[in-house]
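Participant: Sequence plus predicted model, see below.
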Amino acid sequence: MALDASLDEAARTALLGKLDAMDRRSEHGAWTRKTLALIAKHPRTAASKLAAKLGRDKLAFKADVVSATAKSRGSTALRLARVRR
């Protein structure tokens, strides 16, 4: 996973800190980077299909995504998770 160059170092550090905190509080382990990378790789894909790719329940998956995007100011987290090829 590569960090999006449009985020400055302070923004990257802040976002990574928020994602790390969410992973530490999670009852099912670290999920933020894997989930956001999957969303970035498969934009406009139904939550049910993305959840299935991760072996997760759709409603729990959606709750995590809503939480991640709210805490990380929306699409900024997706920019952070973009995979460079």
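Facilitator: Here it is on my side, so go on. Residues are numbered from 1 along each chain as shown.
Participant: Going by C-alpha atoms from here, please, whenever you check contacts or count neighbours.
Facilitator: Fine.
Participant: pLDDT below threshold where in the protein?
Facilitator: 1-5, 71-85 (pLDDT under 70).
Participant: Next, name the residue at the spatial heart of it.
Facilitator: Residue closest to the mean C-alpha point of the chain, counted by CA atoms, centre = their mean, is residue 36 at 2.7 Å.
Participant: Restrict whichever strand or helix holds that one to CA atoms and write it as PDB.
Facilitator: In this structure, residue 36 sits in helix 32-41 according to DSSP states H and E. Provided in PDB are the C-alpha atoms of helix 32-41 (Å, rounded to 0.1, in the frame of the first residue of the first chain):
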ATOM      1  CA  THR A  32      -8.800  -0.400   8.400                       C
ATOM      2  CA  ARG A  33      -6.000  -0.500   5.800                       C
ATOM      3  CA  LYS A  34      -7.200  -3.800   4.200                       C
ATOM      4  CA  THR A  35     -10.800  -2.500   4.000                       C
ATOM      5  CA  LEU A  36      -9.900   1.000   2.600                       C
ATOM      6  CA  ALA A  37      -7.500  -0.600   0.100                       C
ATOM      7  CA  LEU A  38     -10.300  -2.900  -1.100                       C
ATOM      8  CA  ILE A  39     -12.600   0.000  -1.500                       C
ATOM      9  CA  ALA A  40     -10.000   2.000  -3.400                       C
ATOM     10  CA  LYS A  41      -9.400  -1.000  -5.700                       C
END
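Participant: What helices and strands are in contact with that helix?
Facilitator: On a contact count with 3 or more CA pairs under 8 Å, 6 or more residues apart in numbering; DSSP states H and E, helix 32-41 meets helix 9-25, helix 75-81.
Participant: Could you say which of those is packed most deeply?
Facilitator: helix 75-81 (a mean of 21; mean count of other CA atoms under 10 Å).
Participant: For stretch 44-55, what is the distance to the chain centroid?
Facilitator: 13 Å (CA atoms, centre = their mean, to the nearest Å).
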